[in-house]
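J.: Kindly return the folded structure for what I paste below:
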Amino acid sequence: MPLPDSPSFKDKLVGKHVIVKVSLFSRAFPGTVAATDETGFCFVSDEMVTALREITGKAMANVDAPNIYLPFSGLEWLVFSEPKAAAASA
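T.: Below you'll find the predicted structure:
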């Protein structure tokens, strides 16, 4: 359980470069977490946008700079790294 003055795990993800795997795709995607809330996060990933455009066809054809929101419940896994000093003190 996080201490009252320490940021939550979700807050620590903001701005981090991560790799995520969601059930919709058979592969993982790299990107950056732009924001989080109680149920998920905004994910900036050109590779995932390209893959979504391929599977949605015309539905996303005219959407400029789409934002991707991923619910935490839809994640199969998420990988990120911390500096070794921070990881050792956790």
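
J.: Next secondary structure element downstream of the host helix or strand of residue 47?
T.: Using DSSP states H and E, residue 47 maps to helix 46-56. Note on helix 46-56: by DSSP H and E, the next helix or strand toward the C-terminus is strand 68-71.

J.: buried set for the helix holding residue 47?
T.: 48-49, 52 (16 or more other C-beta atoms under 10 Å). C-beta: built from backbone N, CA, C; applies to glycine.

J.: Stretch 30-45 too?
T.: Buried residues in stretch 30-45 (16+ other C-beta under 10 Å): 31, 33, 35-36, 40-43, 45.

J.: Closest to residue 74 out of the residues you listed?
T.: Nearest to residue 74 among these is residue 40, at 7.7 Å by C-beta to C-beta.

J.: where's that closest one relative to residue 64, distance?
T.: Separation of residue 40 from residue 64 (C-beta to C-beta, to the nearest Å): 22 Å.

J.: ok, back up a step: output the buried residues of helix 46-56 as a markdown table; include the columns pLDDT.
T.: A markdown table is the format used below for the buried residues of helix 46-56 (pLDDT from 0 to 100):
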| residue | pLDDT |
| --- | --- |
| 48 | 93 |
| 49 | 91 |
| 52 | 91 |
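
J.: The residue nearest the centre of the chain bridge partners, please.
T.: For the chain, residue 43 is the residue whose C-alpha lies nearest the centre (C-alpha atoms, centre = their mean; 4.3 Å). Beta bridges link residue 43 to residue 33, residue 68, judged by DSSP bridges.

J.: Next: residue 79.
T.: With DSSP bridges as the rule, residue 79 is bridged to residue 19.

J.: can you pull the pLDDT of the residue lying closest to residue 40 once chain neighbours are set aside?
T.: Of all residues not flanking residue 40 in the chain, residue 71 sits nearest, at 3.9 Å (C-beta to C-beta, 6 or more residues apart in numbering). On pLDDT, residue 71 comes in at 94.
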